[in-house]
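Asker: Kindly generate the corresponding structure for this input.
(2 chains)
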Number of protein chains: 2
Amino acid sequence: MPVLMIGVLCAAVVLAIGIVIGHFGINNSSAPSWLNDVAKDVDESLIEKFLAEVDTIHIQENLRELTDVPHMATTPGDEKTVQTMLRRWQDADTGLDDAWREEYNVYLSFPDPNNPNKVTVANTVQHSIREREKAYTSDQDDPEVVQPYAAYSPAGHAKGKLVYANQGKPSDYEQLSQTLNLTGTIAITRYGGAGRGAKAINAAPYGVVGVLVYTDPLDINDGLMSDTNETYPHSWYMPPSGVERGSFNRDFGDLLTPYLAAKEETYRIPPENIVGIPPIPIQPIGFEDAYILICALGGDAAPSEWQGAFNCTYNYGGPGFKPTSDDVKMDIYNKEVIKNSANVMGVIRGSVEPDRYVIYGNHRDSWVHGAIDPSSGTSVMLEITRVLGRMVKQGIWRPRRSIIFGSWGAEEFGLIGSAEYTEQYFAKLSERTIAYINVDIAVFANATLRASAMPSLQNVIFKASKEVNAPGESSTSVYEAWKLHSNRTSPTHGVIPRLGYLTGAGSDYAAFVHYLGISSIDMSYTYDRVIKLLWCILILFIYNNLKTNARIYPAYHTAYDTFDYASKYIDPGFVSHQAVARTAGNILIRLADSLLLPFNCSDYAEILEDYLNTAVTLYQQQLEAHKISIGKCKTATDVFGDKITLSHLSLCVFILRPLKVRRINDQLMLLDRAFLDPLAFPDKYAFRHVIWTSSSAGKATFPGLADAFAQAESSGLDSDWDKVHYHLSVVSQAIEGAASTLADVI
Amino acid sequence: MPVLMIGVLCAAVVLAIGIVIGHFGINNSSAPSWLNDVAKDVDESLIEKFLAEVDTIHIQENLRELTDVPHMATTPGDEKTVQTMLRRWQDADTGLDDAWREEYNVYLSFPDPNNPNKVTVANTVQHSIREREKAYTSDQDDPEVVQPYAAYSPAGHAKGKLVYANQGKPSDYEQLSQTLNLTGTIAITRYGGAGRGAKAINAAPYGVVGVLVYTDPLDINDGLMSDTNETYPHSWYMPPSGVERGSFNRDFGDLLTPYLAAKEETYRIPPENIVGIPPIPIQPIGFEDAYILICALGGDAAPSEWQGAFNCTYNYGGPGFKPTSDDVKMDIYNKEVIKNSANVMGVIRGSVEPDRYVIYGNHRDSWVHGAIDPSSGTSVMLEITRVLGRMVKQGIWRPRRSIIFGSWGAEEFGLIGSAEYTEQYFAKLSERTIAYINVDIAVFANATLRASAMPSLQNVIFKASKEVNAPGESSTSVYEAWKLHSNRTSPTHGVIPRLGYLTGAGSDYAAFVHYLGISSIDMSYTYDRVIKLLWCILILFIYNNLKTNARIYPAYHTAYDTFDYASKYIDPGFVSHQAVARTAGNILIRLADSLLLPFNCSDYAEILEDYLNTAVTLYQQQLEAHKISIGKCKTATDVFGDKITLSHLSLCVFILRPLKVRRINDQLMLLDRAFLDPLAFPDKYAFRHVIWTSSSAGKATFPGLADAFAQAESSGLDSDWDKVHYHLSVVSQAIEGAASTLADVI
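Answerer: As a prediction, the model looks like this:
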């Protein structure tokens, strides 16, 4: 039916309605019933009901079911979890309005089960690195446990003298090469300090032919090593044979289809054109084997910062071992393959503004059983959808806006499922998404909430976390515990919990934040890290929290990340899972139901001012010396702050008029979109948000400016100072543009 | 006041309002008065009033005032027009709600008034090209008439033998170089066939050191040449000394600040990094001088397609002249300078949806007096704002949506004012703009309307043009005259006027269409060109229209484009101006006031299907031979058509609910945004719309695909076939994405 005909029909209807309205106006008749819905705000009693119904046993049983077998992306175990998600979300009593699977054909990398990767010491020593982690429970015996490997490491055979290269940073290889000729060597590195793939990428220019990577007990086990009484199953620490698997690519999303959803007929770049993956073979190993290799190394002693927890001196390597001239030999048989990976999507339709989406997501795929990563998050998501789904099915609630749940596939290989989803639905998601909430690993530990988000969402996170009890507590809120563990002093709010920034690409929020510019939250319960001395004993006494210097929970990406491990050592009783489910669910309901979106732009302005002040302090002098003025950036940031006040002062009187509320909500929803520049960072795949893009300069200021400044300061080249000026103009224009979206609309 | 506090205050207000609503609901009280406004549709009687008030005398007097002096960008004459616009738009009785100037510091190129560009024949002949056009009225005597020149031609001195290079296309130089060694020569070319700057860019690789360009009487004057009785002031034809000035850059927007608004502190690229400007001096001359030069050339006769209207054979050149060895010498003194250029902006605030913009614009700057280009359009715009402004000031009308008027600066130098505006306000304009209407040259001639637009706007253009009488007619509409002169057969609508596509960057619509993806219209009254033989005599008899083969109206960019010229030869009585003002204003009011936006997406689907069918016909066989499937593109196009029906069928019943109307209008407004891809055309500045981007392949199908196909077919390289596949995926994903924005929102 052409729109023209519809137009004619509608004209008649409108005329009739016009008459009815006129009649109402004149005769003092009743207001249309939909006005009640349109003006409805969030229902606090419903949030209380939600909080009361979130249940630890359900979360525990979710986790048990999800971690029954290994569920690495695209394996039969992964398909089993797809079926679980669909069954739950399609349940007649507790399911969502609709749920379906959405598939992409994505480029993955696996070891060959028939031809395992091998690392051996050739000639005299004849040591072979173990190919499977040691079994302590039946979980590790599952034949579907994938051999530890480095996804996207090329297959190949490398042989050479071993050298120790610390964390495989550029500076590590640089320093090592001043002592040794690295050509033809194999470097052993420890996790940390540099990205996984970077350890091989940084090595190749020095002629290194292969790289090993292991987790030093110093970095993961607070120094402990013995599996007779110190490591899992005796504690949460990594057993000596444990190996962190991982994806060794730099960019996120399917590597063959940049900016295009990876469907069957989609154009794929030739694999040799992929950038950011290891150019030489790399293989992760356990510290049991690393101990033997490193303690046998000859050559000079490495510097003290390079030393780990082994009871021997870490030498650079002779190159190679002390008494022998044995080579280390790597035989890597990884295979790249295009496979079908599924997202599972579920929705609750909004009643008043179905065209506004709040998206909540987590990945579904793990490396092995993935009890913590990611199934803790999936268990939480399933509990949230159970409670919300039941309220919908019972007819006691329907959100004002639509809620979309995403159970992403193939995250472990580079956030692939979520990235492909954002590529496929770019326009629709950009135009309509209020916010994205990511809960990947829901619980690392049980000490405190950790949340990162755009500053405009700080307010709703605080609000929700104040209404949830800290795990196992009845009088302390998640908010209070958080503030105790990690805080800062805000000029407006005083001492408040410290909200992190989403500057990286550590989980599925990346495409939403950086590619789409959607206001996002990533949250979890986590460790006690930065205890101030004064509080230390008190907190230890009160909370008995796990305190550690581990990089991450020790079973991360190993075969020990199991239900047994999670329920014994990470969150006994699942009370931290419950606290996360309650907090995230509370935020979700507020974003979906609030008449006026609970965004606070003043908090955004505060951070922009912080960034500006840091830039002025660090850079202004040298900028002026290069005739670059920071004035416009300053003006833009000031105007941004001013516009917020202007824009919202006139709010109250208009609150009832639906199009006026919508107008203000649109300003809030689209604020982060105004910070996007698709051309500002040509070397960083899908990074477009000029405030939050990743930065290597390590300064709490505008990232493009910071990185350009570091480069110009180092090179001194005029062309590099031009880039500093360029990035200053980019960020100034973005802030000015964002400010103009907050101002009076005309 | 922080938003938190506002939130608390508002909560109280909302509660109170909630109680009031509850009360209304229960007690059957009156509907809120704003419901009337919200549900109001376009008022046809108001459109009739508008049409009746658009007046030829006002337009004539606008034009007289605007063309009083030359008003090239940033000159005192330009400032005078700025003041005119501000005075009109700030008028207490007929002005807008607000008007202001907005300035940019832009990179322009001018000749040196103290040191005019010179072209001479050295040695024996001693001919010098004239530096000013001959005066026939006092207008040409104005000292502010700028010497004819090629903006952005480098300054420099070139000397060499003259050769004739036809239109300066790549194939022209290629053909010429097969006969002659072009190294060190100066090429004379005629306008047409290639872009202005391209004539020099194409020449440089052959060693050509300078280029002249002129307008052949064949291309502009239907062959006529004599100013004793044939050319202006005896007719509309170009006098022998007339010279077409112009901008010789390829890309639009300020050349030093790509993607950044050109403010004082903005980063500027080094001028040597500008691409797309002439690498060698180029200068335009009149055909009076070209005649002397060309008819003196030696060498072989050029082919018949190269021959123009001169009564001599156009030879290639000896190189150089027949009997002598005289060189042609060019002394070009153009200077680049950064100057302040102003847009003048005016607004009428919307009553119901002030955050939705309909933008209407035209440039204000001319090359000389610019009576046709652009002041015909500005005169029309001022008449539209006078009539609308008066209705606003009288309190009898306020549009539902906001209307923004833009009087752009420095268009002649490369659409600079409008491009900088879209760069500065990118986010706001993308999010809120319903449509952009461009009326640059309002009247080229008085035969027929010519309109180009996104196909979704065809419907409203037809509707408006049916309600306006053709110039000087009382029973024939603009629509009917248009259909008579230029039509096509649509599968849905039968025989209808032919709407053009906005694939180029010929006027200020470019940034709106290509950079922002805003549904746009460009329109004017124009020549009678493509008369079918059967109708020819009849039409001549009835309409007595000007019929011509001229590339464009002959005074274009010359000192003869004056009020005298316009009022005598282009539109005596200003009836065509009036018809354009009525049609454009009618469209403007409908876009601003319609409850449901008057967009017809089925018409978009029809064109996409046309494009697809053309691609299948032209390419499918060879695509399949290269294992590239067009299937997904076909599916996407089909789905696009289907979604339209789905989306709008359910419209009528919901028409009254403001948020449902807004939802559908958002779908319509944002449709073109879904076709943007900022990375698909890296070599074309600011071209992002994958359906309408410029194409050199000359096929009525998807431009990226067409250009890639032409390249692959020519080179046969696998990497070029990869690009074909890439562009097919890009357009498929864009259409699929656009379709998903039209589907049910969740």
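
Asker: From here on, just use CA atoms for contacts and neighbour counts.
Answerer: OK.

Asker: Please name the bridge partners of the closest residue to A:A296 other than its chain neighbours.
Answerer: In space, and not counting its chain neighbours, A:A296 is closest to A:F321: 5.3 Å by C-alpha to C-alpha, 6 or more residues apart in numbering or on different chains. Taking DSSP bridges as the rule, A:F321 bridges to A:L297.

Asker: Report the separation between A:F321 and chain B.
Answerer: Noted for A:F321: a distance of 47 Å to chain B, by C-alpha to the nearest C-alpha, to the nearest Å.

Asker: what's near enough to touch that residue?
Answerer: Contact analysis of A:F321 by C-alpha atoms under 8 Å, 6 or more residues apart in numbering or on different chains lists A:K161, A:L162, A:L293, A:A296, A:L297, A:G298.

Asker: and the last one, how many neighbours does it have?
Answerer: By the measure other C-alpha atoms under 10 Å in any protein chain shown, the count of residues near A:G298 is 22.

Asker: ok, it touching A:N315?
Answerer: Yes. Using C-alpha atoms under 8 Å, A:G298 and A:N315 qualify as a contacting pair, with a distance of 6.0 Å.

Asker: about what we covered before: which one (most neighbours) among the contacts of A:F321?
Answerer: For those, neighbours tallied by other C-alpha under 10 Å; top is A:L162, 33 neighbours.

Asker: Do I have it right that that residue meets A:G184?
Answerer: No. Applying C-alpha under 8 Å, one finds A:L162 not in contact with A:G184, separated by 9.4 Å.

Asker: gap between the two ends of stretch A:158-168?
Answerer: For stretch A:158-168, the first-to-last residue distance is 18 Å (C-alpha to C-alpha, to the nearest Å).

Asker: for that stretch, what is the average pLDDT?
Answerer: Taken as a whole, stretch A:158-168 carries a mean pLDDT of 97.

Asker: any idea how far it is from the chain center?
Answerer: 31 Å (C-alpha atoms, centre = their mean, to the nearest Å).

Asker: Then stretch A:366-381?
Answerer: Taking the mean of its C-alpha atoms, stretch A:366-381 sits 14 Å from the chain's own mean (C-alpha atoms, centre = their mean).

Asker: What's the end-to-end length of it?
Answerer: 16 Å.

Asker: What residue in the stretch 101-250 of chain A comes nearest to chain B?
Answerer: A:Y104 (13.6 Å; C-alpha to the nearest C-alpha).

Asker: how far away is that residue from B:I437?
Answerer: With the distance defined as C-alpha to C-alpha, A:Y104 ends up 41 Å from B:I437.

Asker: how about the strands in the stretch 251-400 of chain A?
Answerer: For the stretch 251-400 of chain A, the strands defined by DSSP state E, counting those that start in this stretch cover A:282-285, A:328-332, A:335-348, A:353-363.

Asker: for those strands, which one sits closest to B:L388?
Answerer: In terms of C-alpha to C-alpha, the element of the strands of the stretch 251-400 of chain A nearest to B:L388 is strand A:353-363, at 34.0 Å.

Asker: Which strands or helices does that closest one pack on?
Answerer: helix A:375-393, strand A:401-408, helix A:426-432, strand A:433-438, helix A:575-593, helix B:658-669 (3 or more C-alpha pairs under 8 Å, 6 or more residues apart in numbering or on different chains; DSSP states H and E).

Asker: starting at the chain centroid, how far to the host helix or strand of A:M523?
Answerer: Per DSSP states H and E: A:M523 is located in strand A:520-526. In terms of C-alpha atoms, centre = their mean, the gap separating the centre of strand A:520-526 from the centre of its chain is 9 Å.

Asker: about what we covered before: could you check the pLDDT of the residue nearest to A:A296?
Answerer: 92.

Asker: ditto for A:F681
Answerer: At A:F681, the model reports a pLDDT of 98.

Asker: check contacts around it.
Answerer: Neighbour list for A:F681: A:F687, A:R688, A:G704 [criterion: C-alpha under 8 Å, 6+ apart].

Asker: now the nearest residue in space to A:V443 that is not next to it in sequence, which residues is it bridged with?
Answerer: Counting by C-alpha to C-alpha, 6+ apart, A:V443 lies nearest to A:Y525, which is 4.5 Å off, once chain neighbours are set aside. For A:Y525, the beta-bridge partners are A:V443, A:L449 (DSSP bridges).

Asker: isn't A:Y525 right up against A:D440?
Answerer: No. Contact status for A:Y525 versus A:D440: not in contact, 10.7 Å apart, counting by C-alpha under 8 Å.

Asker: re the thing from before, before we move on, which element is the residue of the stretch 101-250 of chain A closest to chain B in?
Answerer: strand A:98-110.

Asker: tell me the mean pLDDT over that strand?
Answerer: For strand A:98-110, the mean per-residue pLDDT is 98.

Asker: packing partners for the following helix or strand past that strand?
Answerer: Using DSSP H and E, the helix or strand that follows strand A:98-110 in sequence is strand A:118-121. Using 3+ C-alpha pairs under 8 Å, 6+ apart, the elements in contact with strand A:118-121 are strand A:328-332.

Asker: Name the residues that touch the strand it packs on?
Answerer: Strand A:328-332 has contacts (C-alpha under 8 Å, 6+ apart) with A:111, A:116-122, A:154-162, A:186, A:210, A:281, A:283.

Asker: which residues are there in the stretch 451-600 of chain A that come within reach of chain B?
Answerer: Residues of the stretch 451-600 of chain A found near chain B (C-alpha under 8 Å from any C-alpha of the partner chain) are A:N600.

Asker: OK, now which residue of the stretch 451-600 of chain A is nearest to chain B?
Answerer: Nearest residue of the stretch 451-600 of chain A to chain B (C-alpha to the nearest C-alpha) works out as A:N600 at 5.8 Å.

Asker: wait, doesn't that residue sit right on A:L457?
Answerer: Yes. Counting by C-alpha under 8 Å, A:N600 touches A:L457, with 6.6 Å between them.

Asker: picking that back up, tabulate the contacts of A:F681 (a markdown table), appending neighbour count, pLDDT and secondary structure.
Answerer: Output for the contacts of A:F681, formatted as a markdown table (neighbours: other C-alpha atoms under 10 Å in any protein chain shown; pLDDT from 0 to 100; DSSP: H, G, I helix; E, B strand; the rest coil):
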| residue | neighbour count | pLDDT | secondary structure |
| --- | --- | --- | --- |
| A:F687 | 28 | 98 | coil |
| A:R688 | 25 | 98 | coil |
| A:G704 | 26 | 98 | helix |
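
Asker: Between the strands of the stretch 251-400 of chain A, which one is closest to A:A697.
Answerer: Proximity to A:A697 (C-alpha to C-alpha) singles out strand A:282-285 among the strands of the stretch 251-400 of chain A, at 27.0 Å.

Asker: just checking, what packs against the closest one?
Answerer: In terms of contacts (3+ C-alpha pairs under 8 Å, 6+ apart), strand A:282-285 is packed against strand A:150-151, strand A:210-214.

Asker: Could you report the pLDDT at the residue minimising distance to the centre of chain A?
Answerer: Note on chain A: the residue nearest the mean C-alpha position is A:S507, at 2.4 Å, using C-alpha atoms, centre = their mean. Reported pLDDT at A:S507 in the predicted model: 98.

Asker: and if you look at the one 10 residues further on?
Answerer: Looking at A:G517, its pLDDT is 98.

Asker: Alright, I will stop here.
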